[in-house]
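> Got a predicted model here, sequence first, then my questions.
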Amino acid sequence: MEIRPLGAPDRAGAVALWHSTGLTRPWNPPEEDFDRAVRGPTSDVLGGSVDGFLAATAMVGHDGHRGWVYYLAVDPGRRRVGHGRSMMLAAEARVLAPGVPKTHLWAR
């Protein structure tokens, strides 16, 4: 799986994955969450692709002291092969790189 930061052209695919995995709520527009994360200087939406297909995501960021991970998602048809673990390792590396000492995962 190739993991990279996603950008505006990837928004529809990421949001579709979040909907398919039950991570969205009607009162919290995921498009706005995606846009804020990709624009932020200390946040990203990471995407894991397999053969050009967006198979997994993790929204990651930090406030300088605490890191956080949201929207950790793996396509239901591509689970149980380590994609979730790979995304968490990439998210943790993104938070640890600037020296943030701890990370929180928010799960639904």
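Thanks, I have it. Residues are numbered from 1 along each chain as shown.
> Give me the most central residue, the protein.
In the chain, the C-alpha closest to the average C-alpha coordinate belongs to Ala58, at a distance of 1.5 Å (Cα atoms, centre = their mean).
> Give the helix, strand or coil label for Val38.
Secondary structure, DSSP: H, G, I helix; E, B strand; the rest coil: Val38 is helix.
> residues touching it, list them.
Going by Cβ atoms under 8 Å, 6 or more residues apart in numbering, Val38 touches Pro5, Leu6, Gly7, Ala8, Arg11, Asp44, Val45. Any C-beta I mention is one placed from the backbone N, CA and C, and that applies to glycine too.
> likewise Val69?
Going by Cβ under 8 Å, 6+ apart, Val69 touches Ala58, Met59, Val60, Met88, Ala91, Val95, Thr103, His104, Leu105, Trp106.
> Now do the helices in the protein.
For the chain, applying DSSP state H gives helices covering 11-20, 30-39, 83-96.
> between these, which one is nearest to Met1?
Closest approach to Met1 among these (Cβ to Cβ): helix 83-96, 5.7 Å.
> Who does the residue nearest to the centre of the chain form a beta bridge with?
Per DSSP bridges, the residues bridged to Ala58 are Leu46.
> how about it, what does it touch?
Val45, Leu46, Val69, Tyr70, Tyr71, Leu72, Ala73, Met87, Met88, Ala90, Ala91 are the contacts of Ala58 under Cβ under 8 Å, 6+ apart.
> Looking at the contacts of Val69, spot the one nearest Thr24.
Distances from Thr24 to these, taken by Cβ to Cβ, are shortest for Met59, at 12.3 Å.
> what pLDDT does the closest one get?
The model reports Met59 with a pLDDT of 97.
> so it makes contact with Ser43?
Yes. Under the criterion of Cβ atoms under 8 Å, Met59 makes contact with Ser43 at 7.1 Å.
> Pull up the overlap in contacts between these two.
Shared contacts of Met59 and Ser43, defined by Cβ under 8 Å, 6+ apart, comprise Ala37.
> In terms of neighbours, single out the busier of those two.
For the pair Met59 and Ser43, the greater number of neighbours falls to Met59 (26 against 21), based on other Cβ atoms under 10 Å.
> which one of the contacts of Val38 sits closest to His65?
Asp44 (17.9 Å).
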